[in-house]
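Novice: Attaching a predicted model along with its sequence, questions to come.
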Amino acid sequence: MVDKTVYFATGNRKESTARVRVIPGSGKMTINGVASENYLQYSPNYIRISTSPLSTLGLEEKYDIHVNAHGGGLTGQTEAIRLGLARALCKINPENRTALKFEGYLTRDSRKIERKKYGLKKARKAPQFSKR
């Protein structure tokens with residue numbers, strides 16, 4: 001019988017969350033039930049970022065990936081997918097961890113939008129100074 005173990009992991013970035021399921025298969029990736037290229041608007045940069053952990057390990061054609069992404073925008077979701085996928089690949093084989101860690105795929109990017117302060121127009125932009 002073929003091993004059909006499902007590996008789960010979660011990735012976060014900004015306001016985005018991606019729940020990633022990795023299943024042994026043929027290399028198809030779906031995001032929220034839609035083909036990944038279609039969901040990522042055929043942007044080569046987004047597609048490359050979201051699948052980079054697989055290409056680092058040379059596993060592009062070995063696993064099917066099903067992603068449930070929500071919150072934030074496409075950039076945040078793409079990087080959340082990358083983190084979740086890297087975490088799932090570490091669960092599959094702990095030896096994958098060193099290569100993924102070296103590339104920085106296991107680091108949660110904690111930067112978020114700074115809050116707006118009173119008296120300012122944005123988080124740091126001050127109103128124009130008037131001498132008179």
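Specialist: Looks like it arrived, so ask away.
Novice: so who does residue 75 touch?
Specialist: Shown in contact with residue 75 (CB atoms under 8 Å, 6 or more residues apart in numbering): 14, 46. For glycine as for every other residue, the C-beta is placed from the backbone atoms N, C-alpha and C.
Novice: got it, and the one 5 residues further on?
Specialist: For residue 80, the contact set (CB under 8 Å, 6+ apart) comprises 11-13, 16-18, 69, 72.
Novice: go with 7 Å
Specialist: Contacts for residue 80 (CB atoms under 7 Å, 6 or more residues apart in numbering) come out as 11-13, 16-18, 69.
Novice: Residue 68: neighbour count?
Specialist: The number of residues packed near residue 68 is 15, by other CB atoms under 10 Å.
Novice: likewise the one 5 residues further on?
Specialist: As a burial measure, the neighbour count of residue 73 was computed by other CB under 10 Å and equals 10.
Novice: Next secondary structure after the helix ranked longest in the chain?
Specialist: Determined from DSSP state H, the single longest helix within the chain is helix 74-92. Downstream of helix 74-92, the next assigned helix or strand under DSSP states H and E is helix 96-103.
Novice: Which other helices and strands does that following helix contact?
Specialist: If you count contacts as 3 or more CB pairs under 7 Å, 6 or more residues apart in numbering; DSSP states H and E, helix 96-103 packs onto helix 44-57, helix 74-92.
Novice: could you give the angle of that helix to helix 74-92?
Specialist: Here helix 96-103 points in a direction 150 degrees away from that of helix 74-92 (axes from the mean of the first three to the mean of the last three CA atoms, to 10 degrees).
Novice: Tell me the buried residues in helix 96-103?
Specialist: For helix 96-103, the neighbour count (16 or more other CB atoms under 10 Å) marks 96-97, 100 as buried.
Novice: Only the buried subset of the contacts of residue 80, as a ChimeraX command please.
Specialist: The buried residues among the contacts of residue 80 can be selected in ChimeraX (16+ other CB under 10 Å) with this line:
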select :11,12,13,16,17,18,69
